[in-house]
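A.B. asks: 3D model of this:
(one chain, ligands or ions: 1)
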Amino acid sequence: MLKLPKEFKDKYRKLLGTDEADEMFTAMNDTNKKSFRINPLKFNTKISYSKKAPVPNLANAYYGAVSGQDPEWVSGTVYSQDPSAMFPAKVANVQPGERVLDLCAAPGGKSTGLGEDLKGQGVLVANEISRPRAKVLRENLERWGVSNVLITSESPEKLAPHFLQFFDKILVDAPCSGEGMFRKNPEAIKYWSEDYVLTCQKRQKEILKEAVKMLRPGGELIYSTCTFSPEEDEQIVAWLVKNFNLVITPIKSIKMDKISHGHLDWAQNLDGLQNTLRFWPQDGLGEGQFIAKLTMPGVTIKAPIKRKNRAKKKLRNKFALFKDEKELVAAILDKFNLPSELNDWPKRVLVRKQHVFIPALTGKQLDGLKILSNGLELGILKKKRFEPGHQLALVLGQVKQERVIDLPNQENYQSYLHGETVKVDSDLRGFVLISCHNLIFSFGKIANNGVIKNYYPKGLRTLKKG
Ligand SMILES: C[S@@+](CC[C@H](N)C(=O)[O-])C[C@H]1O[C@@H](n2cnc3c(N)ncnc32)[C@H](O)[C@@H]1O
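C.D. replies: Below you'll find the predicted structure:
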């Protein structure tokens, strides 16, 4: 039984009426709903989990639990996410080629959703203020096989001057009082108070003030929280409308089964709030969530991301590969089938401190930013040879591959995750992709004796039991 504070209960009885509030408290005592999304970027999405219970209104999403050890997770074929939390990225309705910012991005559930919809075209900037959390964000985006993402770890104030009016879409999935997560994480109830709700509201305003600076005229801001409090939901939207002339925009990209709407009377009867979305536990879809879509007035003629400006030329001179280096890279890449976004890799490839990569963004606007990764790391140049990188393996999972070793059993798979070598019966030699249940999750290198040298990154390896 959740121990909800009396002030919390009184507040929602007043806002919703006793009957609905009591329904909400009862639903908050149910077990939380677990679910997962299937990655549409991957070539093979045959998973062992049941798909009998789809999450309403979404493609590729199902109720059920996922283990972080399963090949489905390790290969980035599924992402474990609360059902309601899947919706903000879908409300953004990202189109290939757009410039998208996820300002509060870790651990990355919504960034993976935004990134998959770009389909390798345009750019996603995934920012997370906390460095340790940004590292987890990076791992999750890497597994998902998103190649066109710049991952930064900055405060919104520090990020904004670098990207003034730059983005078509910005998602602010704000830090909040988390009331909608109480049944999943009852510990969070301890921090709750009316004052804490107002502290969160203040922080949300500070973040959003910077976010709007980065939105182009005509661009869309998606604001979401996992809390019920009107102070952090409807009232924040009203504040955005009043202070920045943003226009609340109806959400047409999703169906509305088991989803409610925002309350006009919770923020000065502002017309348009009926177009915001509320996910209540008593609606039966998932945990609590609020989502609003707002449009910045004005229009800009959309300029495509320039690939040949002067800044780029300078970078190319400094970071371009020598011909023989490019040949080393090509000798490995030519062995694999490349997704279409890599077709022009020789034109876009750069090298920095021996790391060969295809940047998601280039130019002076990146100077001075704390960047965790920029685009797709193809691999590392090491004295006359090129070693393909882990991120590349997960991007190659987007298309059918021939040079793959499917580990024959669970024991081999576990050994590989531990970083051990595995002996296989195969004629393939040199670099190969490694899969389990045909889900690609790593590179390996087969020696003449049939032993696969393990290229699963040390930082991701699991400890051996016993
Ligand atoms: C609700 S979580 C984001 C969840 C994420 N969007 C996802 O789907 O996985 C909010 C994030 O905001 C970050 N954050 C906290 N304070 C912040 C601030 N002042 N400015 C920007 N981000 C902040 C937190 O570190 C946290 O990762």
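A.B. asks: List, one by one, the residues from this structure near the ligand.
C.D. replies: Within the chain, the positions lying close to the ligand (Cβ under 6 Å from any ligand atom) are 85, 104-110, 128-130, 133, 155-156, 173, 175, 203, 207. Yep, even glycine has a C-beta here, placed from its N, CA and C like the rest.
A.B. asks: do that again at 8 Å, thanks
C.D. replies: With the criterion set to Cβ under 8 Å from any ligand atom, the chain comes near the ligand through 81, 85, 88-89, 102-111, 127-130, 133, 137, 140, 155-156, 171, 173-176, 178, 203, 206-207, 224-226.
A.B. asks: Can you tell me which of these are buried?
C.D. replies: 81, 85, 88-89, 102-111, 127-129, 133, 137, 140, 156, 171, 173-176, 178, 207, 224-226 (16 or more other Cβ atoms under 10 Å).
A.B. asks: For the longest strand seen in the chain, which strands pair with it and how are they oriented?
C.D. replies: Scanning the chain for the longest strand, with DSSP state E as the assignment, gives strand 215-225. Strand 215-225 has the following sheet partners, assigned by DSSP bridges: strand 167-173 (parallel), strand 289-295 (antiparallel).
A.B. asks: out of these, nearest to Glu23?
C.D. replies: Evaluated over those, closeness to Glu23 peaks at strand 289-295, with 17.4 Å, by Cβ to Cβ.
A.B. asks: mean confidence score for that closest one?
C.D. replies: Confidence for strand 289-295, expressed as mean pLDDT, is 98.
A.B. asks: ok, what's across the strand from the closest residue to Val404 other than its chain neighbours?
C.D. replies: Take Val404 and drop its neighbours on the chain: the residue closest to it by Cβ to Cβ, 6 or more residues apart in numbering is Leu433, 4.6 Å away. Partner residues in beta bridges with Leu433: Val404, Phe443, with DSSP bridges as the criterion.
A.B. asks: Leu433: what's it in contact with?
C.D. replies: Taking Cβ atoms under 8 Å, 6 or more residues apart in numbering as the criterion, Leu433 is in contact with 336, 393, 396-397, 401, 403-405, 440, 442-444.
A.B. asks: and if you look at Asp82?
C.D. replies: Contacts of Asp82 were listed using Cβ under 8 Å, 6+ apart, and they are 32-35, 181, 184, 286-287.
A.B. asks: Which helix or strand contains the closest residue to Leu270 other than its chain neighbours?
C.D. replies: In space, Leu270 comes closest to Ala238 once its chain neighbours are excluded; the distance is 4.8 Å by Cβ to Cβ, 6+ apart. According to DSSP states H and E, Ala238 maps onto helix 234-244.
A.B. asks: and that helix, how far from the chain's centre?
C.D. replies: Chain-centre distance of helix 234-244: 26 Å, with Cα atoms, centre = their mean, to the nearest Å.
A.B. asks: same thing with stretch 413-421?
C.D. replies: 27 Å.
A.B. asks: ditto for stretch 21-33
C.D. replies: Taking Cα atoms, centre = their mean, one finds the center of stretch 21-33 at 28 Å from the center of the full chain.
A.B. asks: repeat for stretch 102-122
C.D. replies: 4 Å.
A.B. asks: cool, stretch 375-386 as well?
C.D. replies: A distance of 25 Å separates the C-alpha centroid of stretch 375-386 from that of its chain, computed with Cα atoms, centre = their mean.
A.B. asks: low pLDDT regions in this protein?
C.D. replies: Flagging of the chain using pLDDT under 70 yields the residue ranges 301-317, 465-466.
A.B. asks: mind giving me the domain ranges of it?
C.D. replies: Described in terms of automatic domain parsing, the domain architecture of the chain consists of the residue ranges 6-295, 307-359+378-401, 402-466.
A.B. asks: From Ala331, how far off is the closest residue to Leu376 other than its chain neighbours?
C.D. replies: In space, and not counting its chain neighbours, Leu376 is closest to Ser147: 3.9 Å by Cβ to Cβ, 6+ apart. When distance is defined by Cβ to Cβ, to the nearest Å, Ser147 is 21 Å away from Ala331.
A.B. asks: Mind checking which of the two has more residues around it?
C.D. replies: For Ser147 versus Ala331, neighbours defined as other Cβ atoms under 10 Å are more numerous around Ser147 (27 against 13).
A.B. asks: give me phi/psi at that one?
C.D. replies: Dihedral angles of Ser147 (phi, psi; degrees, to the nearest 10) stand at phi -100, psi -20.
A.B. asks: all numbers from here: first residue = 683
C.D. replies: Sure thing, new numbering starts at 683, so read that last one as Ser829.
A.B. asks: Does it touch Gly802 like I think?
C.D. replies: Yes: between Ser829 and Gly802 there is a contact at 5.9 Å, judged by Cβ atoms under 8 Å.
A.B. asks: rewinding a little: so which bits of the longest strand of the chain are buried?
C.D. replies: In strand 897-907, residues buried by neighbour count (16+ other Cβ under 10 Å) are 897-898, 901-907.
A.B. asks: Could you tell me how far Lys1066 is located from Leu1010?
C.D. replies: Relative to Leu1010, Lys1066 is positioned 7 Å away (criterion: Cβ to Cβ).
A.B. asks: Now do the same contact list for the one residue in the stretch 1033-1148 of the chain that gets nearest to the ligand.
C.D. replies: Using Cβ to the nearest ligand atom, Lys1052 is the residue of the stretch 1033-1148 of the chain that sits closest to the ligand, at 13.3 Å. Residues in contact with Lys1052 (Cβ under 8 Å, 6+ apart) are 813, 834-836.
A.B. asks: Quick one: residues contacting Ala767.
C.D. replies: Taking Cβ under 8 Å, 6+ apart as the contact definition, Ala767 lies against 791-792, 908, 968-969, 971.
A.B. asks: most centrally placed residue in this structure?
C.D. replies: Ser793 (2.0 Å; Cα atoms, centre = their mean).
A.B. asks: Return the nearest residue of the stretch 933-1082 of the chain with respect to the ligand.
C.D. replies: Gln971 (10.3 Å).
A.B. asks: just the domains of the chain: most buried one?
C.D. replies: For the domains of the chain, average neighbour numbers computed from mean count of other Cβ atoms under 10 Å are highest in domain 688-977, which has a mean of 20.
A.B. asks: Would you map the helices across the stretch 883-1032 of the chain?
C.D. replies: Assigned by DSSP state H, counting those that start in this stretch, the stretch 883-1032 of the chain shows helices spanning 916-926, 992-1001, 1005-1015, 1027-1030.
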